[in-house]
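K.L.:
Sequence first, then the predicted structure, then my questions.
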Amino acid sequence: MLPPGLVNNLQEVLLSRKGGNNNNNNEQQKDDSVGGDSTEPSTSTCNENAADENDSSKPVVLVTNGEGIGSLGLVYLVQALVRLGLYNVHVCAPQSDKSVSGHSVTVRETITVTPAEIDGATAYEVSGTPVDCVSIALSGALFSWSKPLLVISGINRGSSCGHHMFHSGVVAGAREALICGVPSLSISLNWKREESQESDFKDAVAVCLPLINAAIGDIEKGVFPKSCFLSIEIPTSPSANKGFKLTKQSMWRSSPSWQAVSANRHPSAAHFMSNQQSLGLQLAQLSRDASAAGAARRLTTQRKNVEVESVGAAKSDTNKLKKYFQLEFVDKEQEETDEDLDFRALDNGFITVTPLSLSPQIESDIQMAAADWISGALHGEQ
């Protein structure tokens, strides 16, 4: 449940939008928040913001995302936050697209962290996942502050409603923040290939800024929910939205469709196979060298055993057929009609706000059904 304070703030945001919901006001809000009509994001560092970075009186806001540090949604959002002049804005985001990485982390590998320049914010790009970005940012190893006031993950291209939240890198970034004890929001734009355009990200920033400001205000007052983070979904036409709506997570998902890819009709597959063959030759040579060295050592210490095992790579069968597939998600018609479900309200033009919890608790009827089954199964074994 959301606390009354946040609900009141949401209502105030909605009322303020209703009071000024004409095109001129929308255009003015968009221009003020994201810097005019230019569709190209600025990536230069503003010298006048250097003092702001050291202003401890301003709350720290950390921004990450799933699509990578160069994505328009993140850049426009950071520009708007910096322009407000109310926050110290820091960015730690993947250097490449990790939008469907889920809650994966990088282990047994070294990640690189490189300074980046985005509109005066202190920014780093990371060769890892959104969860890696949030984890290292909150660890104290990267930034001088201990914890930000708020973590914002987004704005990402494409909905994270329903079961898509399990694949979503942008949702995972916000979830990791909550795991670390920091309030967080994830923000996604319901991008549609045939309808959407890049300027929609500017509109998306303009409509979600009031909610971000309301959340920060409630965090400072100590009334923001501590047991959940908020997943915010912005409709395909952000400037024509019907207002904010508190929603429930649905069971909605797209249908996975695996398409076979051949070298003859898919150049990337041929390039991949060519690289694999080249790599295979290199590994084979390394294997032969390693085997020869290993054989020499074995023969000097154990003359009777003349059988040598390869230590570099397994035997390669050049006649073995490899198959290549590519995953695509296909939207399907949903039968659920509850207007308070996230995907249904989003399709109806609302900005949806869905609380997502870390609680492992499940519904009582499911708990009872599982308990009955386990009891029966164990009884049958005896």
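P.N.:
Yep, it's here.

K.L.:
Is Glu198 within a helix or a strand, and which one?
P.N.:
Glu198 belongs to no helix or strand when elements are defined using DSSP states H and E.

K.L.:
Mind pulling up the pLDDT for it?
P.N.:
What the model reports as pLDDT for Glu198 is 89.

K.L.:
begin at 297 from here
P.N.:
In the new count, where the first residue is 297, that last one comes out as Glu494.

K.L.:
you'd agree it is up against Leu368?
P.N.:
Yes: in terms of Cβ atoms under 8 Å, Glu494 counts as a neighbour of Leu368; the distance is 5.7 Å. Any C-beta I mention is one placed from the backbone N, CA and C, and that applies to glycine too.

K.L.:
Looking at those two, which is more packed in?
P.N.:
Leu368 (21 against 13; other Cβ atoms under 10 Å).

K.L.:
Please tell me how far the more buried one sits from Asp499.
P.N.:
12 Å (Cβ to Cβ, to the nearest Å).

K.L.:
Equivalent analysis for Leu382, please.
P.N.:
For Leu382, the distance to Asp499 - Cβ to Cβ - is 21 Å.

K.L.:
and the two? which has more neighbours close in?
P.N.:
Each of Leu382 and Asp499 has its neighbours counted (other Cβ under 10 Å); Asp499 has more, 24 against 14.

K.L.:
what secondary structure does that one sit in?
P.N.:
Look at Asp499: counting by DSSP: H, G, I helix; E, B strand; the rest coil, its state is helix.

K.L.:
what do you get for the one 10 residues further on?
P.N.:
Three-state secondary structure (criterion: three-state DSSP) places Asn509 in helix.

K.L.:
neighbours around it, how many?
P.N.:
For Asn509, the neighbour count with other Cβ under 10 Å is 16.

K.L.:
Next: Tyr372.
P.N.:
Neighbours of Tyr372 (other Cβ under 10 Å): 26.

K.L.:
shouldn't it be in contact with Ser495?
P.N.:
No: with contact defined as Cβ under 8 Å, Tyr372 does not reach Ser495; the gap is 9.6 Å.

K.L.:
Quick one: end-to-end distance for stretch 624-642.
P.N.:
Criterion Cα to Cα, to the nearest Å; first-to-last residue distance in stretch 624-642 is 22 Å.

K.L.:
May I have whatever helix or strand Val503 lives in as PDB, with CA atoms only?
P.N.:
Taking DSSP H and E as the criterion, Val503 maps to helix 496-517. What follows is helix 496-517, C-alpha atoms only, in PDB (Å, rounded to 0.1, in the frame of the first residue of the first chain):
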ATOM      1  CA  ASP A 496       8.400  11.400 -27.300                       C
ATOM      2  CA  PHE A 497      11.200  11.000 -24.800                       C
ATOM      3  CA  LYS A 498      11.100  14.800 -24.100                       C
ATOM      4  CA  ASP A 499       7.400  14.600 -23.500                       C
ATOM      5  CA  ALA A 500       7.900  11.500 -21.300                       C
ATOM      6  CA  VAL A 501      10.400  13.500 -19.200                       C
ATOM      7  CA  ALA A 502       8.000  16.400 -18.900                       C
ATOM      8  CA  VAL A 503       5.100  14.400 -17.600                       C
ATOM      9  CA  CYS A 504       7.100  12.300 -15.100                       C
ATOM     10  CA  LEU A 505       9.100  15.200 -13.500                       C
ATOM     11  CA  PRO A 506       6.200  16.200 -11.200                       C
ATOM     12  CA  LEU A 507       6.000  12.700  -9.900                       C
ATOM     13  CA  ILE A 508       9.800  12.500  -9.400                       C
ATOM     14  CA  ASN A 509       9.700  15.800  -7.400                       C
ATOM     15  CA  ALA A 510       6.700  14.500  -5.400                       C
ATOM     16  CA  ALA A 511       8.600  11.300  -4.500                       C
ATOM     17  CA  ILE A 512      11.800  13.300  -3.500                       C
ATOM     18  CA  GLY A 513       9.600  15.600  -1.300                       C
ATOM     19  CA  ASP A 514       8.100  12.600   0.500                       C
ATOM     20  CA  ILE A 515      11.400  10.800   0.900                       C
ATOM     21  CA  GLU A 516      12.700  13.900   2.700                       C
ATOM     22  CA  LYS A 517       9.600  14.000   4.900                       C
END
